[in-house]
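Undergrad: only geometry, no sequence info:
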């Protein structure tokens, strides 16, 4: 006996709309069971997960900080994924952007003024985009598998950052610890509303990027090209679109946004370069992109939801004493239900028995 | 369904309000103490020992304290949020137990002047931020002495996490201890580039054994190297905690980080109002560095190890005492000269004899 997914001829519009809520409901039930087994009050657990982080203003700021890089990267990835370009290396492009943008405050700390920050952001985007053209070039020129090349370039970027921070860029006054100098004030991405928390402009950039990409995808010819190629590369070629150009375009956009996320995180949330600047945002953003159904506006919501589960997991550790691992399991359960509900709207499950197989072959 | 969700929400709110209310009632009497851990308490190494210290504090101070911890907190932007969360949850004393939390600790401390912070292994202090560090290298020196006595090959393998001063101190002290017994002793180093990665640590251990070392010591936090050493029937030193369970016939000794007494002392200081910011760097003498029982070695080696430990504890022997040369052959310390704490805390060079190039 085995299970098969069969595409539904039509999918229900009603259930498409309901799907996130069904998933949430199932998550709540599964979560309640999980926490009951752990011996915790399930209602209190769910409260600290989903509500507690939203009850305080400072915590909402933290939510925006956490969501900003996820949204920025995922919005870029949606362009790649929609056009059938599998960029798995956003983590590397994030780091490349962080490094490129940090050149000004670290190498030229005396270069200060209002123009420093915009230059840093541009350099960050350029760095991420440049790094993303490597897998794009390899794919177009040599037909290399971009999943492998982009992924492997992540490790190159991580080790390069590590080398920079331990070596040439190490803070000479820092007791030899692997950190750069702190950025000067003009190189710090300002906070949105300083009085109430430390959320920085990264989130605003993320929302702007989401709108820009949404507009491109839904209202312009390039957006149409992207979608056509994603559905059927052959049809795209018949229409006279260039596959190579499109691959470069998708990787450039995605790399630039990941790079922007990198420099925004370094300049807004950290304030210096360290040996590691990302707890895996580039990979988590892949989940965010699909959670948002590859729609830039959906991605904004998805980024916020995923960020909420991180903060919620922390709140649950404090208020209930559940371990970080159960917090992660719960996050996994939620993703499972959301993606499963989405899948089951487009596909139904068919059970194929061995007997049926044999009969089919015999016939 | 809508009704059900509403019902759930209402019930949830009520349920938690009552919990919060009891929390406030307790807070009046108890000192809330928070901890930020870099790894899981189950690493049986660095974080495990901090967690043992926390538990010891709970046991000794009983009703006077209530502790909370956040585990596996990444350094950087996440750390700042986690520390702030502990501060907002009413913790009046917060221990941040990894070097990389330094700047985050300082930033949060500025926002919460009434909360006391204790940062492990850093160097930045403030009115309400203390720094505490341990002279682990004293234990490494004793290990070097044992290694040189026990090794037939004359080569030990050293698994390092990151080439930061704390780790470099350990490698140098180990080397010097070994040289005090056998001037030709060699140390091979492999960097795992992680504090806790059992897979990588095990690979490093295997590679070292294949290169001919017959003693392994580690400055990473998992028990994997000890387990590899057991399989390959060679000897090894544990790290941060007593790992004898993972190598009953393998472990020679282990440096045990004994944080409990310090944690208790600082919590008491907050309770009686005598807490003051300080920067301490303590070792065997003060009881922060403890050696696990000397096992799997002949009596004469054990005796020598105990004598060395006693000399370090009494202050008679300081591991970094001249004449010493750096790896590149230049003179570091003249005969009889000892290294000052600033040099020790920022050490970024090897002493002569280490068979590795320090990544820089």
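TA: Looks like it came in fine. These numbers were taken from a predicted model, which means no experiment stands behind them. Numbers count the residues shown, from 1 in each chain, chains lettered A, B, ... in the order given.

Undergrad: in the stretch 251-363 of chain A, which spans are strands?
TA: All strands of the stretch 251-363 of chain A, identified by DSSP state E, counting those that start in this stretch, fall at A:347-352.

Undergrad: Would you mind listing where it has pLDDT under the threshold?
TA: Applying pLDDT under 70 to the stretch 251-363 of chain A picks out residues A:354-363.

Undergrad: Kindly recompute the last result at 50.
TA: Residue ranges of the stretch 251-363 of chain A with pLDDT under 50: A:362-363.

Undergrad: where along the chain do the helices fall?
TA: You didn't say which chain, so I picked chain A. With helices called from DSSP state H, chain A shows them at A:13-37, A:42-50, A:57-82, A:90-107, A:116-142, A:146-166, A:202-219, A:221-231, A:233-238, A:243-264, A:281-291, A:296-320, A:324-346, A:354-362.

Undergrad: Switch to chain B, please.
TA: B:2-27, B:46-61, B:77-88, B:102-111, B:136-150, B:165-181, B:198-210, B:224-231, B:260-271, B:299-314, B:341-345.

Undergrad: who wins for proximity to residue A:129 among the ones you listed?
TA: Checking the helices of chain B against residue A:129 by CB to CB gives helix B:77-88 as the closest, at 23.4 Å. Placement of C-beta: from N, CA and C, glycine included.

Undergrad: any idea how far the residue nearest to residue A:173 when sequence neighbours are not counted is from residue B:79?
TA: Spatial nearest neighbour of residue A:173, excluding adjacent residues (CB to CB, 6 or more residues apart in numbering or on different chains): residue A:181 at 7.7 Å. In this view, residue A:181 and residue B:79 are 19 Å apart by CB to CB, to the nearest Å.

Undergrad: Geometric centre of the chain: which residue is closest?
TA: Unless you meant another one, I'm taking chain A. residue A:285 (1.6 Å; CA atoms, centre = their mean).

Undergrad: hmm, I had chain B in mind actually
TA: Residue closest to the average C-alpha location in chain B (CA atoms, centre = their mean): residue B:46, at 4.9 Å.

Undergrad: was I right about it contacting residue B:39?
TA: Yes - with contact defined as CB atoms under 8 Å, residue B:46 reaches residue B:39; the gap is 6.4 Å.

Undergrad: Give me the common contacts of these two.
TA: Both residue B:46 and residue B:39 are in contact with B:195, B:196, B:221, where contact means CB atoms under 8 Å, 6 or more residues apart in numbering or on different chains.

Undergrad: want to throw the helices of chain A into TSV with distance to residue B:285?
TA: Listed next are the helices of chain A as TSV, based on distance: least, CB to CB, whole Å:
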stretch	distance to residue B:285
helix A:13-37	47
helix A:42-50	44
helix A:57-82	42
helix A:90-107	41
helix A:116-142	49
helix A:146-166	32
helix A:202-219	48
helix A:221-231	68
helix A:233-238	72
helix A:243-264	46
helix A:281-291	45
helix A:296-320	36
helix A:324-346	36
helix A:354-362	73
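
Undergrad: In this model residue A:197 seems to touch residue A:62, though I could be wrong.
TA: Yes - counting by CB under 8 Å, residue A:197 is a contact partner of residue A:62 at 7.0 Å.

Undergrad: Just the pLDDT for residue 163.
TA: Just so you know, I chose chain A. You'll see residue A:163 listed with a pLDDT of 91.

Undergrad: please go with chain B instead
TA: On the pLDDT scale, residue B:163 is placed at 85.

Undergrad: correct me, but it touches residue A:165?
TA: No - checked against CB under 8 Å, the pair residue B:163 and residue A:165 is beyond contact range at 11.6 Å.

Undergrad: and residue A:37, how far is that from residue B:149?
TA: Counting by CB to CB, the gap from residue A:37 to residue B:149 is 52 Å.

Undergrad: ok, these two, which is more surrounded?
TA: More neighbours surround residue B:149 than the other of residue A:37 and residue B:149, with 18 against 10 (other CB atoms under 10 Å in any protein chain shown).

Undergrad: Tell me the spatial nearest neighbour of that one, not counting adjacent residues.
TA: In this structure, residue B:149 finds its nearest non-sequential neighbour in residue B:301, 4.5 Å apart by CB to CB, 6+ apart.

Undergrad: residues near the one you found, how many?
TA: 19.

Undergrad: correct me, but it touches residue B:143?
TA: No - counting by CB under 8 Å, residue B:301 stays clear of residue B:143, with 11.6 Å between them.

Undergrad: For the stretch 1-150 of chain A, which residues are neighbours of chain B?
TA: Listed as neighbours of chain B in the stretch 1-150 of chain A under the rule CB under 8 Å from any CB of the partner chain: A:25, A:28, A:41, A:43-44, A:46-48, A:51-52, A:56, A:58-59, A:62, A:65-66.

Undergrad: what about 7 Å?
TA: Residues of the stretch 1-150 of chain A lying near chain B by CB under 7 Å from any CB of the partner chain: A:25, A:28, A:41, A:43, A:44, A:46, A:47, A:51, A:62, A:65.

Undergrad: Could you tell me how many residues sit around the first one?
TA: It refers to residue A:25. If you count neighbours by other CB under 10 Å, residue A:25 ends up with 17.
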